[in-house]
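[1] Need coordinates for the below:
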Amino acid sequence: MKPLTGKAMCRLLELHGWELARVNGSHHIYRKHGYPQRISVHVHGNQDLKRGLQLALLKSAGLASEMI
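    Model (predicted):
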């Protein structure tokens, strides 16, 4: 799996129905109707997300099986 930047992760979440709830500094908080959890994406310019964080975000969003 190729590394994603924080911005790319945000676009991916938005394509799958997640909506931006708020921004707190460099943390973009997403929510989706029907999901109890929120997802916090760290957006630091064009830096790639670490592999473990990227996998955890995808798993929380229910997208891990599609992306691996």
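[2] Check which residues of stretch 22-34 are buried.
    His28, Tyr30, Lys32 (16 or more other C-beta atoms under 10 Å). All C-beta atoms are positioned from the backbone trio N, CA, C, and that covers glycine.
[3] Excluding residues flanking it in the chain, which one is nearest the last one?
    Among residues not flanking Lys32 along the chain, Trp18 sits closest, at 4.7 Å (C-beta to C-beta, 6 or more residues apart in numbering).
[4] Spatially, and excluding backbone neighbours, which residue is closest to His28.
    Nearest residue to His28, sequence neighbours excluded (C-beta to C-beta, 6+ apart): Val41, at 4.7 Å.
[5] what about this protein, any weak spots by pLDDT?
    The model of the chain has pLDDT under 70 over residues 65-68.
[6] My guess is the residue nearest to Lys32 contacts Tyr30. True?
    Yes. With contact defined as C-beta atoms under 8 Å, Trp18 reaches Tyr30; the gap is 4.2 Å.
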